[in-house]
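In: generate coordinates for the sequence data below:
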Amino acid sequence: MQISLKQQVALVTGASSGIGAGCAKALADAGAAVVLNYNSEAEPAEELARQIIAEGGRAIAIGADVSKEQEVERLFAHTIEAFGSLDILVANSGMQKDAPAVDMSLADWNQVIGVNLTGQFLCARAALRIFNRQGVREGVSRAAGKIIHMSSVHQRIPWAGHVNYAASKGGVDMLMQTLAQEVSHQRIRINGIAPGAIRTAINRAATEGAAEQDLLKLIPYGRVGDVEDVANAVVFLASDASDYIVGTTLFIDGGMSLYPEFRGNG
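Out: Prediction:
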């Protein structure tokens, strides 16, 4: 199956590293012009944009805090100024501020919910307004627009000590499904991706050495995921190859969400 996203424009939030950067690169490799959003880490996003351009693609890096309405509106306005349209949103920005519930500050609760959930709503709302103005661009895509919400296996699996994060991801799942129900008749496709354990710089301590062996006990498929595993799914959901997939979450987790610790204990 050959996937081409030529003539399409994709915006990836949280694209300065990890899964976001991998998704942005994969979308560019498939032919899309890419907007790489970052919050505080400008240089990695700008370097990736330079790399994409050097390889013959189109890309820009734009800073914005997705939890702030005015910054989101500026981000999307700048996207339209730069490329004239928007076809794909990958709402990927996320963060953790971990603590037992009894010790968690309201500030840490609000910050995680603000970025992980409110930020996804603000970006989706901005994208929907653009998609509604554009309509279906004949010869470009069968859909008027595609939104991919980046969630986590922890939209399904409770995670003690991470109540703000888990609550935000559970919210992302219902946000995605509700938006899909609301706008799919407008030929706008909204889906989600729920990664499990993915090998990124931020997860290095949990995915290398002895820690990796403990982690693998929770992954029936027997390996830690790579960024490319998620990026490939993003490209698929952004393409017409998935045109009849609406309101669905793909779990990219090697089976972690199957609760493998219950094998033989049922």
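In: how close does the nearest residue to L216 once chain neighbours are set aside get to E212?
Out: Nearest non-adjacent residue to L216, counting by Cβ to Cβ, 6 or more residues apart in numbering: G222, 6.4 Å away. Heads up, the C-betas are built off the backbone N, CA and C, glycines and all. Distance from G222 to E212, counting by Cβ to Cβ, to the nearest Å: 11 Å.
In: can you show me the helices along the chain?
Out: Using DSSP state H, the helices found in the chain span residues 18-29, 42-54, 69-83, 106-113, 119-134, 163-183, 204-207, 209-216, 227-238.
In: how about TSV for the ones you listed, with mean pLDDT, distance to A91 and mean neighbour count added?
Out: Formatted as TSV, these follow (pLDDT from 0 to 100; distance: least, Cβ to Cβ, whole Å; neighbours: other Cβ atoms under 10 Å):
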stretch	mean pLDDT	distance to A91	mean neighbour count
helix 18-29	98	10	25
helix 42-54	98	16	16
helix 69-83	98	11	17
helix 106-113	98	15	15
helix 119-134	98	4	20
helix 163-183	98	8	19
helix 204-207	77	24	13
helix 209-216	89	26	12
helix 227-238	98	11	22
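In: nearest to G255, out of those helices?
Out: With Cβ to Cβ as the criterion, G255 lies closest to helix 209-216 of the helices of the chain, at 11.2 Å.
In: mind checking how far the closest one is from the chain centre?
Out: Put simply, helix 209-216 sits 25 Å off its chain's centre (Cα atoms, centre = their mean, to the nearest Å).
In: what sits up against stretch 212-227?
Out: Here stretch 212-227 makes contact (Cβ atoms under 8 Å, 6 or more residues apart in numbering) with 18-19, 21-23, 195-200, 206-207, 252-256, 258, 260-261.
In: how much space separates the residue nearest to L216 from P260?
Out: 11 Å.
In: over to V12?
Out: The value you get for V12 to P260, if Cβ to Cβ is used, is 31 Å.
In: cool, and A231?
Out: 25 Å.
In: enumerate every residue touching the closest residue to A15 other than its chain neighbours.
Out: Leaving aside its sequence neighbours, A15 sits nearest to L36 (Cβ to Cβ, 6+ apart; 3.9 Å). With contact taken as Cβ under 8 Å, 6+ apart, L36 is in contact with 12, 15-16, 20-21, 24, 45, 48-49, 59-62.
In: so what's L36 bridging to?
Out: Beta-bridge partners of L36, counted by DSSP bridges, are V12, A61.
In: quick one: residues in contact with stretch 251-266.
Out: By Cβ under 8 Å, 6+ apart, stretch 251-266 touches 153, 156-157, 193-198, 217-225, 229-230, 233.
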